[in-house]
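> Prediction below, plus the sequence it came from.
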Amino acid sequence: VSSSAEIKFNEEVTDIKINSQGTEVITHKSSFSSKFFINCSGLYSDEIAVKTGAKLDVRIIPFRGEYYRIRDDRKYLIRNLIYPVPDPEFPFLGVHFTRKINGDIEAGPNAVLAFSKEGYSKSSFRVRDFLSIMKWQGFYKVSGRYFKTGMGEFYRSLVKDAFVKSLRKLVPDISPQDLVTGGSGVRAQAVDRNGKLVDDFIIHQGNGVINVLNAPSPAATASLAIGSKIADLYLEKSDF
């Protein structure tokens, strides 16, 4: 049996139509038809799921994680991964040190609300994404529950010394001069109607559709297990 795959870049999904024949995915450039549709859209997974007709009790709220990088001449301070003990009440791990495969050392991240689903910088803002956040009732509940923590994250994002203070709990000899600005990422955090930060997997199944809505911190190895699970669900649902 031969098979092939094609990857399309820069095609925004504008609509999804489902009928007895399968699924038609319509983009701003073209359309694609399939007997089975699997949605692994990350930050946009909730929006895509709604287009498939799914009734959701969660929404994806974007949180930006900002990193610093340790200067080359100070890398000797961190020889391995250094992680804090996680807070079971809060799904974000907190700042830590990560040695990358190329030898660089990342310090961070903090976790601040992003005002755009692709808000990789502090100045990023998208009206549609911001209004979507503001309209979700769970956002106000989670904001009230973690208000102090959230303000602390924003303060640490704006004030480098505050960030360094958190790092010193793990490595006391770290100083502001040891850090240079690193990269950032945006976490697709599912928040339910009651304001709970969902810390478990959410996979919504429908007629000819699988929507993967939450995959917390899968990293590189766990993502293979997630893929295997989704493949098993597909094989159960399809006539392959």
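Received it, and whenever you're ready, just let me know what you need.
> for this structure, what spans make up the strands?
Counting by DSSP state E, one finds strands in the chain at the ranges 13-19, 22-27, 31-34, 37-39, 58-70, 96-99, 105-108, 112-113, 179-192, 202-206, 209-214.
> now those strands in JSON lines, with distance to Arg145 and mean pLDDT?
Using the backbone N, CA and C atoms, a C-beta is placed for each residue, glycine as well. Putting those into JSON lines (distance: least, CB to CB, whole Å; pLDDT from 0 to 100) gives the following:
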{"stretch": "strand 13-19", "distance to Arg145": "33", "mean pLDDT": "93"}
{"stretch": "strand 22-27", "distance to Arg145": "37", "mean pLDDT": "94"}
{"stretch": "strand 31-34", "distance to Arg145": "40", "mean pLDDT": "92"}
{"stretch": "strand 37-39", "distance to Arg145": "29", "mean pLDDT": "94"}
{"stretch": "strand 58-70", "distance to Arg145": "13", "mean pLDDT": "95"}
{"stretch": "strand 96-99", "distance to Arg145": "23", "mean pLDDT": "93"}
{"stretch": "strand 105-108", "distance to Arg145": "23", "mean pLDDT": "94"}
{"stretch": "strand 112-113", "distance to Arg145": "14", "mean pLDDT": "94"}
{"stretch": "strand 179-192", "distance to Arg145": "11", "mean pLDDT": "93"}
{"stretch": "strand 202-206", "distance to Arg145": "20", "mean pLDDT": "90"}
{"stretch": "strand 209-214", "distance to Arg145": "18", "mean pLDDT": "92"}
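> Now do Arg193 against Phe125, distance only.
25 Å (CB to CB, to the nearest Å).
> and Ile101, how many residues sit next to it?
5 (other CB atoms under 10 Å).
> again, but for Thr181
Count around Thr181 with other CB under 10 Å applied: 10.
> The closest residue to it other than its chain neighbours: what's it in contact with?
Closest residue to Thr181 apart from its sequence neighbours, by CB to CB, 6 or more residues apart in numbering: Tyr68 at 6.4 Å. The contact partners of Tyr68, by CB atoms under 8 Å, 6 or more residues apart in numbering, come to Glu106, Ala107, Gly108, Phe163, Leu179, Val180, Thr181, Gly182.
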